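**Q** give me a 3D structure for the following:
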Amino acid sequence: MKITQVTPGLISIPPTGWGAIEKIIWNYKIQFEKMGHQCDIQYLDDIDNTSDIVHIHVANLAILAQERGIPYIFSLHDHHVVRHGKESHTYKENLKAIKGSIISFTHAESLCNYFDETDKLFYLSHGVDTELYKNHTLLKPYTKLLCVANNGYADNQTIDRKGFRYAIEAAKELNLPITVVGPKNNENFFNSNKDLLGYEKLHIIDSNPNEEELIKLYNEHSIFLHPSELEAGHPNLTLLEAISCGLPIVGTYDGTKEINSIFKIERSTNSVVTGIQHVNSNIETFVNHTQIEKLQYDWLVICKRLLNIYNSVIDIKKEYNSELTKQLYIDVYEKTKKVKREIMNDYGFNINFINGAYLEVTGSATRNFDVEIWDEDHLEFKNKISSGMFAKTNKQYFRNWKMKVYDGDMPVFDYKLNLSGKRIYIAMDSGSLGDNIAWMPYLDEFRKRHNCHVIASTFKNDLFKNVYPKIEFVTPGSTVHNLFAMYTLGWFYDLNKEPTLPNIVGLQEHASLILGLEHKEIRTKIDFIPSERPYEEKYVVIATSSTAQCKFWNNETGWIELVDYLKSKGYRVINISKEGNNVDNAEMIYDTSMYNTQNVIHHSEFMIGLSSGLSWLSWALGKHVVMLSNFTSADHEFVGDCTRIVNYNVCNGCWNKAMFKFDKGDWNWCPEHKNTPRQHECHKLITSEMVINQIQHLIK
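**A** Alright, predicted model coming up:
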């Protein structure tokens with residue numbers, strides 16, 4: 001077959017320095033010629049009608065080929081189509097090039113969906129010469145970080161597209177040496193970000209290194225950093241070169257195919273720091289992955305697939321509509337044989353602890369392995385599984401898991417849970433203000449105990465994120481990458497998700513049990529800076545509403561008599577319930593926003609409320625709380641700095657009895673006496689006199 005790769009004409013091929021498209025064209029030529037085909041690199045003007053395949057790599061030349069009636073295959077390499085948008089000339093020109101092609105390829109997987117006006121665009125990975133990109137010392141006795149990239153965009157080379165700032169700041173925080181390598185263009189970024197140049201362990205190489213120099217740099221470093229925001233390849237050439245040389249990646253890879261050599265991160269300094277720590281803690285595992293996974297991206301694999309496409313184009317000899325092109329790609333992709341090279345083992349293991357202990361057998365081995373998963377000294381799971389199969393426990397809360405795998409009689413994997421340096425996601429499944437405040441401190445306790453990076457999703461992030469700075473906060477429902485474990489806090493009544501029924505233990509203790517912590521009461525920190533006092537006179541805040549009738553003070557005259565008493569002692573009484581004022585002789589808060597509510601609570605003398613979120617908020621803000629709660633046990637809510645009003649001579653504590661489960665769809669839930677004269681007697685028979693007698697120590 002005679003193949004013509006059309007040169008863009010700007011850089012020599014092979015490139016002597018930077019030039020991704022030119023490097024791809026050159027590697028196509030090398031592989032096709034190894035397979036016995038003629039592969040010429042020519043200018044479009046020099047092409048004659050003897051070529052079986054014409055492959056073009058820039059849109060303007062593809063459009064010119066259309067005008068000349070030259071059938072062609074097109075490769076889209078331009079990430080600027082996303083940066084400039086679908087109304088841009090760049091997008092429209094590339095779309096025209098794709099539509100006019102027999103078939104088109106992009107190395108950036110996401111562009112297949114981005115170009116939704118055509119079905120002719122398909123994903124074809126970049127490749128790497130695994131015989132050239134080698135590293136004879138895979139496990140380094142040091143940690144040395146490397147970035148290899150051409151930063152910025154064509155229209156603005158000062159923009160940090162490749163994330164140099166995050167990489168350098170992370171290196172500085174960890175006091176690690178870092179080398180940033182690329183073409184002369186990178187000067188534009190550093191001239192605009194001179195503060196980064198003050199890090200004494202930063203080494204910048206902007207001499208446009210050639211391939212031999214790049215391989216030497218890959219060999220001298222141990223971890224590759226790539227916190228990029230937009231790529232023309234998933235993965236791009238430098239990532240594959242690093243992997244082939246045995247360097248694990250800490251970066252923002254956005255492809256759908258999982259690459260275990262890459263620890264995926266968000267674009268932030270903290271995320272890069274966490275990634276470096278995680279890879280360093282598991283360096284041998286990551287390096288082993290690089291040497292197995294690089295074979296999947298050998299240029300021979302990529303070019304065999306591309307050659308089969310070329311052959312199909314010659315065989316069909318038709319006008320290529322979108323549907324024909326689509327089926328052509330699918331058929332060839334499925335039939336392409338993989339490169340076979342000898343590897344050390346024919347099996348491996350993937351593990352995580354995301355809502356349970358998970359172990360997967362990977363590799364080509366066809367035999368069965370004996371897998372055991374232990375909860376401390378209790379055997380939780382035992383079975384035989386083979387490559388492509390996995391085992392997972394039903395228990396989703398924290399346990400000190402151990403995993404053992406045997407190949408026949410020989411132990412081949414023995415792991416005990418270690419979360420140090422790992423990314424752990426803890427999600428709150430309740431939107432309740434009280435639940436979120438009650439549980440928050442235990443996320444930080446978990447972080448400190450395991451020395452891990454906690455990612456938290458709560459429904460009240462704004463209350464916490466500034467006062468728990470070592471925790472990364474995300475909104476509920478967010479996709480979080482590169483997790484090693486995940487735990488969920490909620491009211492499940494499911495012993496696979498929680499070690500006990502949630503209602504039979506205290507609210508904070510429930511979080512401790514799910515997270516495997518020894519319980520102690522911890523007052524939650526709240527992000528609040530007080531402003532001026534809202535009322536000149538001394539005052540008490542009350543909160544009279546909650547989320548179910550059983551929580552209310554159901555004594556008809558209780559609040560009125562209590563408010564009258566407080567006013568007789570010189571206090572104003574401010575009702576902070578968001579639902580409105582249901583106590584005629586109390587004042588209603590003028591603004592129920594979260595900040596103003598906190599400020600009113602802060603300047604008050606003390607708070608009187610129910611088992612509700614506002615009581616938890618007041619307690620977290622450091623106020624003494626008088627709590628009327630007879631339907632829960634004495635330790636269900638907080639105990640410290642709390643005066644609890646109860647009447648144990650009547651029915652009480654139903655909430656914490658194992659035989660009852662709260663029905664949030666039943667406003668009048670009263671499991672023992674509903675629809676009888678005794679309904680809600682637990683609170684009806686708490687009198688104002690009982691409350692007044694209990695708060696005398698607070699009256700000034």
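
**Q** would you confirm that Leu443 belongs to a helix?
**A** Yes: counting by DSSP: H, G, I helix; E, B strand; the rest coil, Leu443 falls inside a helix.

**Q** does it touch Ile471 like I think?
**A** Yes: the pair Leu443 / Ile471 is scored as a contact, 6.2 Å apart, by CB atoms under 8 Å. Where C-beta positions appear, they are placed from N, C-alpha and C, glycine not excepted.

**Q** which neighbours do those two have in common?
**A** By CB atoms under 8 Å, 6 or more residues apart in numbering, Leu443 and Ile471 have these common neighbours: 454, 456.

**Q** more crowded one of the two?
**A** Using other CB atoms under 10 Å as the criterion, Leu443 and Ile471 rank with Leu443 on top: 24 against 20.

**Q** what helix or strand is Phe263 on?
**A** strand 262-264 (DSSP states H and E).

**Q** quick one: mean pLDDT for the helix or strand Asn693 falls within?
**A** If you go by DSSP H and E, Asn693 is part of helix 688-694. Per-residue pLDDT over helix 688-694 has a mean of 93.

**Q** what's it packed up against?
**A** Using 3 or more CB pairs under 8 Å, 6 or more residues apart in numbering; DSSP states H and E as the contact test, the elements touching helix 688-694 are helix 558-568, strand 625-628, strand 642-645.

**Q** any chance of CSV for the ones you listed, columns mean neighbour count and distance to Val405?
**A** Below are the helices and strands packed on helix 688-694 laid out as CSV (neighbours: other CB atoms under 10 Å; distance: least, CB to CB, whole Å):
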stretch, mean neighbour count, distance to Val405
helix 558-568, 19, 64
strand 625-628, 26, 52
strand 642-645, 18, 50
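
**Q** how about the ones you listed, which one is nearest Ser546?
**A** Counting by CB to CB, Ser546 lies closest to strand 625-628 out of those; the figure is 10.3 Å.

**Q** what's in contact with that closest one?
**A** 553, 606-611, 615, 618-619, 637-638, 641-645, 683, 686, 691, 694-695, 698.

**Q** weed out the non-buried ones from these.
**A** 553, 606-611, 615, 618-619, 637-638, 642-645, 683, 686, 691, 695 (16 or more other CB atoms under 10 Å).

**Q** that's a strand at Asn350, yeah?
**A** Yes: counting by three-state DSSP, Asn350 falls inside a strand.

**Q** ok, which stretches of the stretch 151-300 of the chain are helices?
**A** Secondary structure of the stretch 151-300 of the chain by DSSP state H, counting those that start in this stretch: the helices cover 164-174, 186-192, 211-220, 237-244, 269-281, 283-293, 299-316.

**Q** put the alpha carbons of the fourth one into PDB.
**A** This means helix 237-244. The C-alpha trace of helix 237-244 is given here as PDB (Å, rounded to 0.1, in the frame of the first residue of the first chain):
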ATOM      1  CA  LEU A 237       2.100  12.100  23.900                       C
ATOM      2  CA  THR A 238       4.100  13.300  27.000                       C
ATOM      3  CA  LEU A 239       1.900  11.200  29.400                       C
ATOM      4  CA  LEU A 240       2.500   8.100  27.300                       C
ATOM      5  CA  GLU A 241       6.200   8.800  27.100                       C
ATOM      6  CA  ALA A 242       6.400   9.200  30.900                       C
ATOM      7  CA  ILE A 243       4.400   6.000  31.500                       C
ATOM      8  CA  SER A 244       6.600   4.100  29.100                       C
END
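
**Q** so it versus helix 211-220, what angle?
**A** If you take axes from the mean of the first three to the mean of the last three CA atoms, to 10 degrees, helix 237-244 sits at 50 degrees to helix 211-220.

**Q** now do helix 237-244, average pLDDT.
**A** pLDDT averaged over helix 237-244 gives 93.
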